[in-house]
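Trainee: what's the 3D shape of this:
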Amino acid sequence: MSANPVFAMWGHPEFTTVDESLPIDMAAEAIVDGRLLVCDLMSPSGDFEVIGWLVMFDRPNGETSIGQISMHADRMGHGYGKALLQAAIDRCRRVGRVAIVLSTQDDVPWNRPWYERFGFTVVQEGDWDAAMHETTREQSQLGLDWSTRVHMRLALQ
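Mentor: The predicted model follows:
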């Protein structure tokens, strides 16, 4: 399950080599803490199919970071990702978080505007905190092109 091929089609071949999985111990901890949200659908046979997930991490100063939102490419455009992100926003508000931050592609025409519809705004490089600099460094080491990425923030209070 991955939308990475969609990003690769939009000029980002590095997404074909980025591992989009979540280590089992990290997933288990996130489940216990309520930081892993899963979108599943029931098949005609009554089985459930996981089609997307979102994992969050606490940051300093009452912020939450969306570490990854992943939706099966065949299910994109049907509102499932929107439901996952809205559930994360609602959870963060409910538990008193002050903001949500994430990093994403800026040059894929539909990507940044999708987050902006929820109220996320781009954080200019001069306003990055230490964690954003660290995320940039880590993602660059994984092969992501930071000349085409941005950090975004949604203020919740």
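
Trainee: report the longest helix in the chain, please.
Mentor: helix 80-94 (DSSP state H).

Trainee: Now do the contacts for Ala155.
Mentor: For Ala155, the contacting residues are 98-99, 119, by CB atoms under 8 Å, 6 or more residues apart in numbering. For glycine as for every other residue, the C-beta is placed from the backbone atoms N, C-alpha and C.

Trainee: separation between the residue nearest to Ala99 when sequence neighbours are not counted and Ala83?
Mentor: Closest residue to Ala99 apart from its sequence neighbours, by CB to CB, 6 or more residues apart in numbering: Glu63 at 4.6 Å. The gap separating Glu63 from Ala83 is 22 Å, by CB to CB, to the nearest Å.

Trainee: So for these two, which sits in the more crowded spot?
Mentor: Legend: neighbour count by other CB atoms under 10 Å for Glu63 and Ala83, higher for Glu63 (20 against 14).

Trainee: Now that one, what are its backbone angles?
Mentor: Backbone torsions of Glu63, given as degrees, to the nearest 10, read phi -100, psi 160.

Trainee: Quick one: residues contacting it.
Mentor: For Glu63, the contact set (CB under 8 Å, 6+ apart) comprises 97-101, 153.

Trainee: What is the end-to-end distance of stretch 33-44?
Mentor: End-to-end distance for stretch 33-44: 32 Å, by CA to CA, to the nearest Å.

Trainee: could you pull out the helices for the protein?
Mentor: Under DSSP H, the chain gives helices at 4-9, 24-33, 80-94, 111-116, 130-141.

Trainee: Let me have the ones you listed in JSON lines, extended by mean pLDDT.
Mentor: Putting the helices of the chain into JSON lines (pLDDT from 0 to 100) gives the following:
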{"stretch": "helix 4-9", "mean pLDDT": "53"}
{"stretch": "helix 24-33", "mean pLDDT": "76"}
{"stretch": "helix 80-94", "mean pLDDT": "92"}
{"stretch": "helix 111-116", "mean pLDDT": "92"}
{"stretch": "helix 130-141", "mean pLDDT": "92"}
